[in-house]
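[1] Starting from these lines, generate the structure:
(one chain, ligands or ions: 1)
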Amino acid sequence: MESSDDTEEPPLPLALSRFQVSEEFGFLLPDPLTELPAPYSPWMDLAQELPQLISSHQLRSRVHQMPQLSTQHLRGREELHLAHLVLSFITMGYVWQEGEEGTVQVKARAPPTGAKPSAVAAAGGPPCLQMGAFPQPGSIPAFPVLCATQVLPRNLAVPYWEVSQALGLPPILSHADFVLANWRRKDPNGNLDTIITLPGGESLRGFTLVTLLVEKAAVPGIKAIVQALGAVLQRDEESLHRALQELAGAIGAMSEALRRMHAHHTLVWLPITSGLNPFLLDYVDPQVFYSVIRIFLSGWKDNPAMPHGLIYEGVSPEPLAFSGGSAAQSSVLHAFDELLGICHRQDTAFVRALRGAGSVRRCVLASGDARLRAAFNRCVCALTDFRSQHIAIVTKYIAIAATKARARRAEPGASAGPSAGKPPAALETKGTGGSHIFSFLKSIRDSTREGLISA
Ligand code: HEM
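    Numbers count the residues shown, from 1 in each chain. Model (predicted):
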């Protein structure tokens, strides 16, 4: 008699749920919360008004008036994720409210005689005058002062740090916040919207939701990873072939979704819920992306606008440096690279687990099966095409937009600050804007292509 084990499927090597990856939403947070418990209304109220508070230059003074809230009433990962999203957006708005001029080598205004640091801070003075930036508590430095380090005030920095620690996320806006945790259903038909926003209007909304669509389109590919690794373990070439077909299809769908970033259209169909949902989306304007949005995603690591990083008051007396948000932090492409044996650049728990779970590439090479090889190569080509299309988008949204912005900056009367549409000059040569970006992106695209298996 056959044992029941013989008829059962052998266990799959990876369980997505172990890595908080959802079968339905992939790396997206499934149905993120949109409200925090009542005690956190000071955070939520501020977060809901960010574009207006930034354009009217009031956010910093409103942050200074905010009470310092304890994080102990936050329950579960969902509330922590929303708290991180909200505090990240407030922090980016706070740091970049005045554009790069408000962060680097600011000449301080002389405070009124006898003024305490907190009074200057409450008046929304330059960032280097804000709480904790004084050499000793309560002392007033000689004025004017040159200072190069920004301070995130204690009432924001301490809870932000605690929530970041609880989630294992950096205390800065990342892809995990502004895309993965920043979506909600706008109505019962499944139309989507973002939860929190910054200056950039419809272009920011479009940028976030198109990136979200790319993540969603990847979901069948993420499931195919599990299937492919299971097939390698079981030496089941038929199942491996199906998984590779599935993966190539998913990468193709990601390219389709990415194309929506720069296609002129008024109606987009979002296959996010059970049905296809109409969703009005305006064009993501390259000038708005370059001049308004990009700075709010910028970090304080290797950024000439904040060469010394940011002091998180009440957390560390030394400034801390963190990179800003980018879809490059998404685990999707890194996971596909890892599966296809292309290159190894990310070290998240999920990608590490793939590394140890068996080699699809070796299995395809060993089989000598032309059909399997063709399916593998379709995945590599789809990934190469996605990266070529991404380079075209970066060219349009950064390189071409930079040329236009330089011309605009030279115009007389160009006003300051990101909400006024003046682009950050420091990002042109470093961070998310420099020409090295293109050699970096092309080298990754080219090494992807080199992953093809020849006959
Ligand atoms: C306006 C749209 C976009 C622009 C301007 C843009 C820009 C960039 C830039 C400048 C880099 C270089 C590294 C960095 O500075 O972070 C990069 C890398 C990357 N981006 Fe984007 N990006 C855009 C949209 C997307 C989307 C929607 C995705 C997909 C989820 C994506 C995925 C990636 C990945 C995976 C990398 C790492 C390089 C690679 O693996 O090929 N990007 N992007």
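
[2] C-alpha only now, for contacts and for neighbours.
    OK.

[3] How about the contacts made by whichever residue of the stretch 201-350 of the chain sits closest to the ligand?
    In the stretch 201-350 of the chain, the residue that lies nearest the ligand is Ala328 (3.4 Å; Cα to the nearest ligand atom). Counting by Cα atoms under 8 Å, 6 or more residues apart in numbering, Ala328 touches no other residue.

[4] What spatial separation is found between it and Val394?
    Distance of Ala328 to Val394, computed by Cα to Cα, to the nearest Å: 12 Å.

[5] Arg77 now?
    34 Å.

[6] Also Val179?
    18 Å.

[7] Between the two, which has more neighbouring residues?
    Val179 (26 against 19; other Cα atoms under 10 Å).

[8] In this structure that one contacts Leu212, no?
    Yes - contact criterion Cα atoms under 8 Å: Val179 and Leu212 qualify, at 5.8 Å.

[9] Show me whatever sits in contact with both of the two.
    Leu28.

[10] Low-confidence stretches in the stretch 151-300 of the chain?
    When residues are selected by pLDDT under 70, those of the stretch 151-300 of the chain lie in 264-282.

[11] If you could redo that for the stretch 301-450 of the chain, that was the one I meant.
    Looking along the stretch 301-450 of the chain with the criterion set at pLDDT under 70, you get 344, 413-435.

[12] Output the set of residues of it in proximity to the ligand.
    326-328, 333, 387, 393-394, 397-398, 431-433, 437, 441, 444 (Cα under 6 Å from any ligand atom).

[13] Of these, which belong to helices?
    The members of those that map onto helices under DSSP state H are 333, 387, 393-394, 437, 441, 444.

[14] Now for Pro304, how many residues are close by?
    Pro304, neighbours per other Cα under 10 Å, totals 17.

[15] Where does it sit: helix, strand or coil?
    coil (DSSP: H, G, I helix; E, B strand; the rest coil).

[16] Next one: it relative to Ser291, how far apart?
    Counting by Cα to Cα - Pro304 and Ser291 are separated by 17 Å.

[17] Same check on Leu229?
    On the measure of Cα to Cα, Leu229 and Ser291 end up 44 Å apart.

[18] repeat for Trp96
    12 Å.

[19] list the contacts for the residue nearest to the spatial centre of the chain?
    Central residue of the chain (Cα atoms, centre = their mean): His175, 1.8 Å from the mean position. Shown in contact with His175 (Cα under 8 Å, 6+ apart): 325-327, 329-330.

[20] Neighbour-wise, which one of these leads?
    Going by other Cα under 10 Å, Gly325 tops the contacts of His175 with 22 neighbours.

[21] Name the nearest residue to it, ignoring sequence neighbours.
    Among residues not flanking Gly325 along the chain, Ser174 sits closest, at 4.0 Å (Cα to Cα, 6 or more residues apart in numbering).

[22] hang on, isn't the one you found packed against Phe322?
    No - if you go by Cα under 8 Å, Ser174 and Phe322 don't touch, sitting 10.0 Å apart.

[23] what helix or strand does Val151 sit in?
    In this structure, Val151 is located in strand 150-152 according to DSSP states H and E.

[24] Beyond that strand, next helix or strand please.
    Counting by DSSP H and E, what follows strand 150-152 is helix 154-167.

[25] so what does that next one touch, helix or strand wise?
    helix 76-96, strand 310-312 (3 or more Cα pairs under 8 Å, 6 or more residues apart in numbering; DSSP states H and E).

[26] same thing but at 10 Å, please
    Under the contact definition 3 or more Cα pairs under 10 Å, 6 or more residues apart in numbering; DSSP states H and E, helix 154-167 sits against helix 59-64, helix 76-96, strand 310-312.

[27] Give the buried residues for it.
    Residues 154-164 are the ones in helix 154-167 that count as buried (16 or more other Cα atoms under 10 Å).

[28] next one: stretch 375-394
    375-391, 393-394.

[29] for stretch 232-252, same thing?
    So for stretch 232-252, counting by 16+ other Cα under 10 Å, buried means 232-233, 237, 239-252.

[30] Could you see whether the ligand lies near it?
    No - shown here: stretch 232-252 not in contact with the ligand (Cα under 6 Å from any ligand atom), separated by at least 10.7 Å.

[31] so how far is that stretch from its chain's centroid?
    Chain-centre distance of stretch 232-252: 29 Å, with Cα atoms, centre = their mean, to the nearest Å.

[32] List every C-alpha atom in it, with coordinates, as CSV.
    Provided in CSV are the C-alpha atoms of stretch 232-252 (Å, rounded to 0.1, in the frame of the first residue of the first chain):
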residue,chain,number,x,y,z
VAL,A,232,13.5,22.8,-9.1
LEU,A,233,13.3,20.9,-5.8
GLN,A,234,11.0,18.3,-7.3
ARG,A,235,12.9,18.2,-10.6
ASP,A,236,9.5,18.9,-12.3
GLU,A,237,10.4,20.5,-15.7
GLU,A,238,6.8,20.9,-16.7
SER,A,239,6.0,22.9,-13.6
LEU,A,240,9.2,24.9,-14.0
HIS,A,241,8.2,25.7,-17.6
ARG,A,242,4.8,26.9,-16.5
ALA,A,243,6.3,29.1,-13.7
LEU,A,244,8.7,30.7,-16.1
GLN,A,245,5.9,31.4,-18.6
GLU,A,246,4.0,33.0,-15.7
LEU,A,247,7.0,35.1,-14.7
ALA,A,248,7.6,36.4,-18.2
GLY,A,249,3.9,37.4,-18.4
ALA,A,250,4.1,39.2,-15.1
ILE,A,251,7.2,41.2,-16.1
GLY,A,252,5.5,42.1,-19.4
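
[33] Ile225 contacts Ala243, doesn't it?
    Yes - using Cα atoms under 10 Å, Ile225 is in contact with Ala243, at 7.2 Å.

[34] Helices of the stretch 151-300 of the chain, residue ranges please.
    154-167, 175, 201-217, 219-234, 237-259, 286-288, 294-296 (DSSP state H, counting those that start in this stretch).

[35] which parts of the third one are buried?
    Spelled out, that is helix 201-217. 202-217.

[36] Of those, just say which sits nearest to His57.
    Nearest to His57 among those is Leu204, at 19.5 Å by Cα to Cα.

[37] what's the nearest residue to the closest one if we skip its chain neighbours?
    Using Cα to Cα, 6+ apart, the closest residue to Leu204 is Ile293 (6.7 Å).

[38] Test my guess that the one you found contacts Pro199.
    Yes - counting by Cα under 10 Å, Ile293 touches Pro199, with 6.6 Å between them.

[39] in what helix or strand does the nearest residue to Arg449 once chain neighbours are set aside lie?
    Leaving aside its sequence neighbours, Arg449 sits nearest to Thr384 (Cα to Cα, 6+ apart; 5.8 Å). Thr384 is part of helix 370-394 when elements are defined by DSSP H and E.

[40] relative orientation of that helix and helix 237-259 in degrees?
    10 degrees (axes from the mean of the first three to the mean of the last three Cα atoms, to 10 degrees).

[41] Between the two ends of stretch 166-174, what distance do you get?
    Stretch 166-174: ends 16 Å apart by Cα to Cα.
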